[in-house]
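**Q** from the sequence below, what's the structure:
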Amino acid sequence: MREIHEELGTVLMQVKPFKVTRIELPGGTLELNTFTGVLRGPVVLEDHELMAYGWFSLESLQIMRERLRLPILLEHAQKLLISLSSVVGK
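**A** Alright, predicted model coming up:
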């Protein structure tokens, strides 16, 4: 969560692990840990950290699929939305 604070200038609260994805690369294994939570406070970007950030609909991510650095993020977003809809429907 330190990384979220450093990159976005805000704090992630009510953090829950969502998914771990391991990608085998020639130099070793890349592990992506995905979390859900609630942001406390506004996002504040530092010029030297990130150029921009944004919230994207699932449809927008699907359209951008070929341009995503890590297409696995689209799969994570789809699974998260499905899990959230099952919680809301209860």
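
**Q** buried ones in stretch 32-41?
**A** By neighbour count, with 16 or more other CB atoms under 10 Å as the criterion, the buried positions of stretch 32-41 are Thr34. C-beta: built from backbone N, CA, C; applies to glycine.

**Q** ok, and what's touching it?
**A** Stretch 32-41 is contacted from outside by 1, 8-23, 70, 72, 76, 80, using CB atoms under 8 Å, 6 or more residues apart in numbering.

**Q** which PyMOL command selects the buried ones in those residues?
**A** Buried subset of the contacts of stretch 32-41, written as a PyMOL selection, criterion 16+ other CB under 10 Å:
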select buried, resi 8+12+76
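
**Q** what strands line up against whatever helix or strand Val38 lives in, and which way round?
**A** Counting by DSSP states H and E, the element that carries Val38 is strand 28-40. For strand 28-40, sheet partners with direction are given as strand 11-25 (antiparallel), following DSSP bridges.

**Q** how far is the strand it pairs with from where the chain is centred?
**A** For strand 11-25, the distance from its own C-alpha centre to the chain's C-alpha centre is 8 Å (CA atoms, centre = their mean, to the nearest Å).

**Q** please work out the average pLDDT along that strand.
**A** Confidence over strand 11-25 (mean pLDDT, whole number) is 86.
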